[in-house]
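Peer 1: need coordinates for the below:
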Amino acid sequence: MEIIDLINPESVIPNLKVTSKKQALQELSKKIGALVDQEERVIFDLLLEREKLGTTGVGDGIAIPHGKLDSLDKLCGLFARLERPVEFDAIDERPVDLIFLLLAPESAGADHLKALARVSRLLRDKAVCDKLRGSDTAEALYSLLTEQTENRAA
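Peer 2: This is a model prediction of the structure:
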């Protein structure tokens, strides 16, 4: 499972303007809902339920909200770089400015965990995150996110 299998250029938001965790999750739900033809409210509720189990703010300004939907037929992702960091109840108590949303079909099984691990590995790379924070176009962000796949394959 590679990042390029999860996102496309349309699923990258370069400067998301939000002021809270809840608003970020709402906006991300709206965007991914339109991309995968799913109801925004269903996705938003799923993400809120997941957050109740424990924060998806993994530290270092990064959050990876995720969940499973019956009505999906494949794994899909959405990446957003926030215009300004927001409080996200992250494990290190620092605000979040990079969010990678991941949705999987209920039947995804281990593929969901593999995709989460892949996203986590990518975003643990400080150099990658620095480049993501320094880019402000969807094209540049998409290229940075997916070039890691190409580099590993080479």
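Peer 1: contact partners for the residue nearest to the spatial centre of the chain?
Peer 2: Closest to where the C-alpha atoms of the chain average out (Cα atoms, centre = their mean) is residue 100, at 1.2 Å. Taking Cβ atoms under 8 Å, 6 or more residues apart in numbering, we find residue 100 in contact with 62-64, 77-79, 119, 123. For glycine as for every other residue, the C-beta is placed from the backbone atoms N, C-alpha and C.
Peer 1: in helices only, show me the residues you listed.
Peer 2: 119, 123 (DSSP state H).
Peer 1: quick check: residue 62 touching residue 98?
Peer 2: Yes. Counting by Cβ atoms under 8 Å, residue 98 is a contact partner of residue 62 at 5.0 Å.
Peer 1: so what's in contact with these two at the same time?
Peer 2: Joint contacts of residue 62 and residue 98 (Cβ under 8 Å, 6+ apart) are 123, 129.
Peer 1: the two: who's more crowded?
Peer 2: More crowded of residue 62 and residue 98, by other Cβ atoms under 10 Å: residue 62, with 24 against 20.
Peer 1: give me phi/psi at the closest residue to residue 66 other than its chain neighbours?
Peer 2: Leaving out its chain neighbours, the residue that sits closest to residue 66 by Cβ to Cβ, 6 or more residues apart in numbering is residue 102, at 4.1 Å. Per-residue torsions, residue 102: phi -130, psi 130 (degrees, to the nearest 10).
Peer 1: wait, what's in contact with residue 102?
Peer 2: 6, 64-66, 75-77, 112, 115-116, 119 are the contacts of residue 102 under Cβ under 8 Å, 6+ apart.
Peer 1: distance of residue 102 relative to residue 76?
Peer 2: 8 Å (Cβ to Cβ, to the nearest Å).
Peer 1: pLDDT below threshold where in the protein?
Peer 2: Scanning the chain for pLDDT under 70 picks out the ranges 148-154.
Peer 1: all strands of it, in order?
Peer 2: 12-16, 57-59, 62-63, 66-69, 76-86, 96-105 (DSSP state E).
Peer 1: can I get those strands in a markdown table with distance to residue 143?
Peer 2: Shown next, in a markdown table, are these (distance: least, Cβ to Cβ, whole Å):
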| stretch | distance to residue 143 |
| --- | --- |
| strand 12-16 | 10 |
| strand 57-59 | 23 |
| strand 62-63 | 19 |
| strand 66-69 | 23 |
| strand 76-86 | 12 |
| strand 96-105 | 16 |
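Peer 1: cool, thanks, talk later.
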